[in-house]
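Student: Need a 3D model of the following:
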Amino acid sequence: MTAASDDVLCEIDGTVARVTINRPANRNSVLPATCVRVYEALRTVEANRDVRVLVLRGAGKDFCCGADIRETDGSASHDPVDPRDNHKLYDVTVLLHEMRAVTVAAVRGGCAGAGFGWAAACDFRVAATDVRFNTAFLDVGVAGDMALPWSLPRLLGAGKARDLAFFPRKIEGREALEIGLVERLFDAETFEAELEAFVARLAGSAPLAMAALKSHFVEGERMGLASYVTLEAQRHGALFATEDRAEAFRAYIEKRPAQFRGR
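Tutor: Presented below is the predicted three-dimensional model:
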């Protein structure tokens, strides 16, 4: 299934969904209405219970270089947003972080501002060696959005996150890997094939267990240890009773790939 607007593409192919920011001539910089359409695409993905993995990426050479400041002056836009949809501008990060599917930011080229915030909200960041991250917010006189001050300390630690935010600069591929900003770094020439292999491995995991594991990480961020352990134990018992768990055990003993059915 494929749905599309001019600037945001959404494709669902079985267990994998791909949402693409489609403004390559503008380095995939976004207008407020673009953010709304990204949100709506993610909601479409979230409503499809077959999807196990969501890949967020940009068309062409860049991921997303933040707000399109050439077309948006902070008070008006040629592509206005209905005031009732204002919350959607910022809830993209919530969906990327909390939706049932595992979210993967496929990052190459420029990734700055809002794009950086979206990438940081994902479960994984898979990058090409040509990537260039930059918080960029102070350079354009704003304090930041898309929850980057929430996400970045959880990835890098409080001090390093502040350093990148208060002193904007380009963070290229090797440094991004070394500081823990990305989980995988692939050569630009082999990036697409490596990305597909990474996504395929995730999508082939036991779907009930993978959804529960993601929920464990999300809920663990806001729970005390004792409450979390209680929740974990309850889910462990429920998963142990599933057909997928029994199939996984049999496959392990028989030394063959498991065939998961999501039940």
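
Student: Distance check, residue 250 against residue 240.
Tutor: 14 Å (C-beta to C-beta, to the nearest Å). C-betas here are computed from N, CA, C, even on glycine.

Student: Is the nearest residue to residue 186 once chain neighbours are set aside part of a helix or strand, or is it coil?
Tutor: Leaving aside its sequence neighbours, residue 186 sits nearest to residue 194 (C-beta to C-beta, 6 or more residues apart in numbering; 4.0 Å). The three-state label given to residue 194 by DSSP: H, G, I helix; E, B strand; the rest coil is helix.

Student: And the strands in the stretch 151-263 of the chain?
Tutor: Here the stretch 151-263 of the chain has its strands, by DSSP state E, counting those that start in this stretch, at 171-172, 184-186.

Student: Please, where are all the strands along the stretch 1-150 of the chain?
Tutor: 2-4, 8-13, 16-21, 53-58, 102-107, 110-112, 124-128, 132-134.

Student: Pass me the low-pLDDT residue ranges in the stretch 51-200 of the chain, would you?
Tutor: Along the stretch 51-200 of the chain, segments meeting pLDDT under 70 span 72-79.

Student: again, only this time at 80
Tutor: 69-86, 143-144 (pLDDT under 80).

Student: measure residue 33 to residue 234 for me?
Tutor: For residue 33, the distance to residue 234 - C-beta to C-beta - is 42 Å.

Student: higher neighbour count, the two?
Tutor: residue 33 (21 against 10; other C-beta atoms under 10 Å).

Student: roughly how far apart are the more buried one and residue 39?
Tutor: For residue 33, the distance to residue 39 - C-beta to C-beta - is 11 Å.

Student: likewise residue 224?
Tutor: Here the criterion is C-beta to C-beta. By it, residue 224 lies 31 Å from residue 39.

Student: With neighbour numbers in mind, choose between these two.
Tutor: Taking other C-beta under 10 Å, residue 224 and residue 39 do not tie; residue 39 has more neighbours (22 against 9).

Student: my read: that one touches residue 95, true?
Tutor: Yes. Between residue 39 and residue 95 a contact is recorded at 6.8 Å, counting by C-beta atoms under 8 Å.

Student: ok, now which ones touch residue 228?
Tutor: 216, 219-220 (C-beta atoms under 8 Å, 6 or more residues apart in numbering).

Student: need these in CSV with neighbour count, can you?
Tutor: Output for those, formatted as CSV (neighbours: other C-beta atoms under 10 Å):
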residue, neighbour count
216, 16
219, 15
220, 15
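
Student: State the number of residues packed around residue 146.
Tutor: Residues near residue 146, counting by other C-beta under 10 Å: 27.

Student: Determine which of the strands of the stretch 1-150 of the chain approaches residue 245 most closely.
Tutor: Ranking the strands of the stretch 1-150 of the chain by proximity to residue 245 (C-beta to C-beta) places strand 102-107 first, at 18.9 Å.

Student: and the closest one, which strands flank it?
Tutor: Note on strand 102-107: by DSSP bridges, its sheet partners are strand 53-58 (parallel), strand 124-128 (parallel).

Student: Of these, which is nearest residue 180?
Tutor: strand 124-128 (9.7 Å).

Student: and for the closest one, what are the contacting residues?
Tutor: Under C-beta under 8 Å, 6+ apart, the answer for strand 124-128 is 102-109, 119, 173, 176-177, 181-188, 191, 194-195, 198.

Student: For PyMOL, write the selection for the buried entries among those residues.
Tutor: Applied in PyMOL, the following selects the buried portion of these according to 16 or more other C-beta atoms under 10 Å:
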select buried, resi 102+103+104+105+106+107+108+109+119+173+176+177+181+182+183+184+185+186+191+194+195+198
